[in-house]
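# predicted coordinates and the sequence they were generated for:
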Amino acid sequence: MNMRMIYIIRCLAALTSALYFFAATAQEPAVSVTRSTEKVILNGKLYYIHTVQKGQTLYSISRAYGVDEADIKNENPGIESVMIKQGQAIRIPIKTYIQRSDDEAEKFSKDDFIYHKVKQGHTIYFISKKYNVPIEILYRYNEELKEGLKQGQVLKIPRKSMLEKILQTEEPEDKFIYYAVNENDTLYSISKKFGVPVSEIINYNNILRWGLKKEQIIRIPKPGVLYIDSLQVIKDSIDVYMEKYVNPLSEYECDTIEGLKDTIKVALLLPFFSREFAEVKKMENDTTIMADRYYYESCRRKTAIGSSFIEFYEGVLLAVDSLKNSIKSIDMLVRDTERDTNTVKKIIGELEIFMPDIIIGPAFPENIRLIADFAKQHKVVVASPLSAKTDLIEDNPFIMQVMPSRHTELSMLADYVSQYYDKNIMLVHNGDSNYHNEIDYFRERLFSNFYSDSTYMYMIYKEVIFNDSLSDNILHALSEDKENIVYVSSSDEAYVMDAVNRLRRYQKDYSIKVFGNPAWQTWNNIDIEYLHNLELKVYAPFFIDYSDRDTRRFIAKCRSIYKYEPYIVTAKGYNYCFLGYDITLYTLSALRNYGRYFPRCIDFLKVNMLLSDYIFKRRDTGTGLENISISIINYNSDLTISKADFR
């Protein structure tokens, strides 16, 4: 290779290096970095989660957060040798302690501190509560906490006299600080501690309308005293809360619990509409008042509801009587909620004084929401007898929803129908868009059972729209060589009658089993013999087995004490007197056995009930309990009615 060629190669190499240098350094103008407000705790350490924007560099991000690049690299394996990319989420370590100045360090001696050795299970929140010292102060005087709390650590805890000297104003990073209320705190003392007016604290904490309670987490706007690591406080308090009140215990642990065997305090809150009863009686005795017909009819409708809940109350009293030998005394606070939120707000004031162990009721969702807030604050279980609205139990672990939700009903039906995988399964509906969600949910639940088991690979499923213009669809979908499992998804009596009559007509040529909704049981216009011939199966949350010995005894007791038999059964399969008896017997037995936090042991409760097996489950951690027990009721060809053996 001659000298000319060597020179050209060297020039090209130098040019390539220069181009690489310019490509690497001639970037777009620096992009400003906005600090994230999103925090997470991972492995006991606190981080910001920063999403990289276009033009941001590791250097610019580290400057924005005041953290060394090396620290960011250490917390994010993989970015050390690779450039960060737009959209990448990286962890930024948060210094959750405040460095003390040398002057401040000189002010205090060893005698100003208490020394705490960390044991297994201890949390920062626990130590803060034990010594009544703010978490921020613990971080300030224990620098090793930046690596997380570890068993065996010895922490310096400022004594009370020292704590009063070191409290000083710190600039908070967040709009609020989150404060865990101590036993002796008052709104005034918290106001003085943080330099925030009481009115401002109340404005940002609606829950304070029930009063200030120990272990409450409240938001403090415009903090003026100290900065508490809000995320850590909330996380630790939730851990303690869940561990103490919600997480289930083992059967052995439940066996060792001392229940409430002396006195149980019950609050019964139901819409009796006692005022309307008086109004109706007054109007019927004075014909001149009857001119206001609209008011009279309104009162009559309310008294019809009230009559049902009087029956419910009678069932409650029968349950109390059944427990008199196993519980020393039962105190009851009975109140008429009507359908009025103002009435319920007044009742809550009485509950504050009475402080029940269990609340049964109310009936209407708007009233349950008010009582639910009270129950969560005071950790009192509420047995909601009739509402099936799942939003009421979404974030309140102290609500027991006795009535299964619509989705639970459809889930159980789909589980039952899936056993007929080798039959011709048909879903019949009228195509009404108002019911699309229910139909979609049933189909998805059914298919999820099929997909989970290879046995179901060759199942046959047909969806049939049946109405006046599509009246032959059912016939075309029926199978001659397989049994036909037909679920008619409708609660409209006229529509169901038409569909059932059509199926009855085809029955001589096809093998057909029909599934229907709970409402079918209350209709009078469908020939009951038709339903038995079709071997109808109805799903319902409750079922009264009149051949059962306990049921017969209960009816005999009603006849003896109240001079009547509870015979009116709702579409869901319950009678109000039966329901009042069951709920009271179940909850009071649980209190007797396991105390106020009985939901933790509810899986091991054994009580003979009249209407249901009452299987209570949580949808998720922190949600309330929902009864998921559904009965499949058989209308047998021999004209008997029985409950299918299915859970």
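Received, thanks.
# ignoring the adjacent residues along the chain, who's closest to residue 509?
Excluding the flanking residues, the one nearest residue 509 by C-beta to C-beta, 6 or more residues apart in numbering is residue 480, at 7.4 Å. C-beta here means a position set from N, CA and C on the backbone, and glycine is covered the same way.
# same deal with residue 546?
Spatial nearest neighbour of residue 546, chain neighbours left out: residue 552 (7.3 Å); criterion: C-beta to C-beta, 6+ apart.
# elements contacting the host helix or strand of the one you found?
Taking DSSP states H and E as the criterion, the element that holds residue 552 is helix 549-562. Applying 3 or more C-beta pairs under 8 Å, 6 or more residues apart in numbering; DSSP states H and E, we find helix 549-562 packed against helix 293-322, helix 576-594.
# go ahead and confirm the residue nearest to residue 546 touches residue 558.
No: assessed by C-beta atoms under 8 Å, residue 552 is found out of contact with residue 558, at 10.9 Å.
# those helices in the stretch 1-150 of the chain, which residues are they?
Secondary structure of the stretch 1-150 of the chain (DSSP state H, counting those that start in this stretch): helices at 3-25, 58-65, 69-75, 102-107, 124-131, 135-141.
# state the phi and psi torsions of the residue nearest to residue 509.
phi -80, psi -30 (degrees, to the nearest 10).
# please apply the same query to residue 491.
Phi and psi for residue 491, reported as degrees, to the nearest 10, are phi -110, psi 10.
# skip the chain neighbours and tell me the closest residue to residue 410.
Residue nearest to residue 410 in three dimensions, not counting chain neighbours: residue 442, with 4.8 Å by C-beta to C-beta, 6+ apart.
# distance of that neighbour relative to residue 558?
Between residue 442 and residue 558 the computed distance is 37 Å (C-beta to C-beta, to the nearest Å).
# swap in residue 445?
Residue 445 is 38 Å from residue 558, where distance means C-beta to C-beta.
# more neighbours, those two?
residue 558 (22 against 18; other C-beta atoms under 10 Å).
# what sits against that one?
The contact partners of residue 558, by C-beta atoms under 8 Å, 6 or more residues apart in numbering, come to 314, 318, 564-566, 577.
# that older thread, surely the residue nearest to residue 410 is within a helix?
Yes: per DSSP: H, G, I helix; E, B strand; the rest coil, residue 442 lies within a helix segment.
# picking that back up, just give me the neighbour total for the residue nearest to residue 546.
For residue 552, using other C-beta under 10 Å, the count is 12.
# any chance of the helices and strands packed on helix 549-562 in a markdown table with distance to residue 123 as columns?
A markdown table is the format used below for these (distance: least, C-beta to C-beta, whole Å):
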| stretch | distance to residue 123 |
| --- | --- |
| helix 293-322 | 41 |
| helix 576-594 | 26 |
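# can you put these in JSON lines and add distance to residue 71 and mean pLDDT?
Listed next are those as JSON lines, based on distance: least, C-beta to C-beta, whole Å; pLDDT from 0 to 100:
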{"stretch": "helix 293-322", "distance to residue 71": "63", "mean pLDDT": "92"}
{"stretch": "helix 576-594", "distance to residue 71": "49", "mean pLDDT": "96"}
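# just name the most buried of the ones you listed.
Mean neighbours per residue, mean count of other C-beta atoms under 10 Å, is largest over those for helix 576-594, with a mean of 24.
# packing partners for that one?
Judged by 3+ C-beta pairs under 8 Å, 6+ apart, helix 576-594 is in contact with strand 263-270, helix 293-322, strand 358-360, strand 381-384, helix 549-562.
# nearest approach to residue 628 belongs to which of those?
strand 381-384 (14.6 Å; C-beta to C-beta).
# chain center to the closest one, what's the gap?
Chain-centre distance of strand 381-384: 13 Å, with C-alpha atoms, centre = their mean, to the nearest Å.
# on that earlier part again, what separation do you get for the residue nearest to residue 509 and residue 504?
For residue 480, the distance to residue 504 (C-beta to C-beta) stands at 17 Å.
# in this structure residue 138 contacts residue 155, no?
Yes: using C-beta under 8 Å, residue 138 is in contact with residue 155, at 6.6 Å.
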